[in-house]
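S.K.: Provided below for reference: sequence and predicted model.
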Amino acid sequence: MFKDFQPFTVSVDDTDIFGVVGGNGPPLLLLHGYPQTHVMWHKVAPGLAEHFTVVATDLRGYGRSSKPTPRPDYANYSKRTMAADMVGVMNHLGFDRFGILAHDRGARVAHRMAMDAPDVVRQMLLLDIAPTREMYANADQAFARAYWHWFFLIQPAPMPERMIGVDPRAFWLDKCGAGSAGLTPFTPAALEAYLTAFDDPLAISASCADYRAAATIDLEHDDEDRGRTVTCPVRVLWGDRGVIEANFDCLALWRQRADHVDGGALKGGHYLAEELPDEVLREAIDFFIQDA
């Protein structure tokens with residue numbers, strides 16, 4: 001799925017991060033969401049590689065990256081730690097400043113990176129999220145029903161892990177197929193890659209830790225940011241048939257968090273890079289070429 005891309009593994013603070021790199025031009029980091037891997041970019045990465053040096057990684061806890069045992073405070077799955085992983089990877093590859101295209105959980109990592117390392121992030125394009133703290137603060141019954149997994153995965157271990165572990169593939173298919181597009185965005189090869197990666201008790205445990213961190217230590221870090229904003233240009237895109245459109249004023253919330261925000265809804269659901277790859281590619285090239 002990533003022809004002409006080279007695989008790599010980089011160790012950052014004893015955590016191995018897997019990824020692929022390809023193309024030429026300004027560096028662009030691609031970060032995936034839950035419960036996926038770097039494979040989610042396979043439809044847009046080749047087109048991006050015609051303009052940029054594209055780096056697509058598996059976040060810690062996902063895919064072929066390390067899955068360390070969660071700490072009691074979940075600090076090793078905080079977005080701060082996951083962001084530091086990615087800065088380390090990019091530095092290892094020779095890039096000290098870069099753009100970020102990120103979806104879902106990866107977009108939360110990108111947000112934290114832009115706060116913690118503002119000199120590193122040139123621009124970021126975020127797909128189908130609003131800021132974490134604001135999503136929790138504005139949660140209502142409609143949001144809780146649609147994003148039930150946010151509240152299920154944060155339950156104390158090992159209850160969610162045990163329940164998912166009974167049939168990980170069925171859980172993945174039910175969770176990711178519940179959107180407006182069903183499972184149609186996923187090619188057979190990509191789907192098999194996701195199911196194989198998720199069919200691992202360590203991956204299940206790590207992804208629960210990711211969400212537990214988001215409901216605890218990540219909110220603490222967000223609260224510490226009060227009065228500070230993201231200073232790099234930000235573009236946010238979301239699906240007009242998704243939960244973000246139905247429950248949040250996405251642009252307004254991001255404008256509370258960042259100084260320079262544009263974007264809008266695309267005619268799709270949550271998995272935009274696979275459902276609407278041509279539109280995402282056009283938006284990304286338009287956005288990142290501006291400051292390349």
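M.R.: It's in.
S.K.: And the contacts of stretch 191-210?
M.R.: 1, 34-37, 39, 59-64, 67-70, 74, 76-77, 82, 105, 153-154, 157, 160-161, 164-165, 168-169, 171-173, 176, 183, 186 (CB atoms under 8 Å, 6 or more residues apart in numbering). (Each C-beta comes from the backbone N, C-alpha and C, glycine too.)
S.K.: Strands of the protein, residue ranges please.
M.R.: 6-12, 15-23, 27-31, 53-57, 98-103, 121-127, 230-239, 258-266 (DSSP state E).
S.K.: For D286, see how far away L195 is.
M.R.: 34 Å (CB to CB, to the nearest Å).
S.K.: ditto for A144
M.R.: 35 Å.
S.K.: picking that back up, tell me which of L195 and D286 has more neighbours.
M.R.: Legend: neighbour count by other CB atoms under 10 Å for L195 and D286, higher for L195 (17 against 11).
S.K.: Read off the pLDDT value for the more buried one.
M.R.: pLDDT, L195: 98.
S.K.: now A84
M.R.: Residue-level pLDDT assigned to A84 equals 98.
S.K.: Looks like it contacts V109 (just checking).
M.R.: No - the pair A84 and V109 does not pass the contact test of CB atoms under 8 Å, sitting 9.7 Å apart.
S.K.: which one of these two has more residues nearby?
M.R.: Between A84 and V109, counting by other CB under 10 Å, V109 is the more crowded of the two (29 against 20).
S.K.: Next one, pLDDT for the more buried one please.
M.R.: At V109, pLDDT is 98.
S.K.: where are the low-confidence patches of the stretch 151-292 of the chain?
M.R.: Low-confidence segments of the stretch 151-292 of the chain (pLDDT under 70): 291-292.
S.K.: Going by residue numbers, what spans are helices in it?
M.R.: 159-166, 168-176, 188-198, 201-214, 217-224, 243-247, 250-257, 272-275, 277-289 (DSSP state H, counting those that start in this stretch).
S.K.: A197 and P131: what is the separation?
M.R.: 27 Å.
S.K.: Comparing the two, which residue is more hemmed in?
M.R.: Between A197 and P131, counted using other CB under 10 Å, the more crowded position is P131 (23 against 20).
S.K.: who touches that one in this structure?
M.R.: P131 neighbours (CB under 8 Å, 6+ apart): 111, 222, 253-254, 256-257.
S.K.: Closest one to R97 out of those, please.
M.R.: Proximity of those to R97 (CB to CB) peaks at H111, which lies at 17.2 Å.
S.K.: correct me, but that closest one touches W254?
M.R.: No - in this structure H111 lies outside contact range of W254 using CB under 8 Å: 9.2 Å.
S.K.: Name the residues contacting each of those two.
M.R.: With CB under 8 Å, 6+ apart, H111 and W254 have common neighbours 126, 131.
S.K.: contacting residues for L183?
M.R.: 173, 176-177, 191.
S.K.: What backbone torsions are found at it?
M.R.: phi -100, psi 10 (degrees, to the nearest 10).
S.K.: Please tell me how far it sits from L191.
M.R.: 7 Å.
S.K.: Same question for A197.
M.R.: 11 Å.
S.K.: A209 too?
M.R.: 24 Å.
S.K.: do the same with R108
M.R.: 24 Å.
S.K.: And G47, by the same measure?
M.R.: 21 Å.
S.K.: How about H221?
M.R.: Taken as CB to CB, the span from H221 to L191 is 34 Å.
S.K.: What is the neighbour count of the residue nearest to A214 when sequence neighbours are not counted?
M.R.: The shortest distance from A214 to any non-neighbouring residue, by CB to CB, 6 or more residues apart in numbering, is to T132 (5.7 Å). T132: 22 surrounding residues under other CB under 10 Å.
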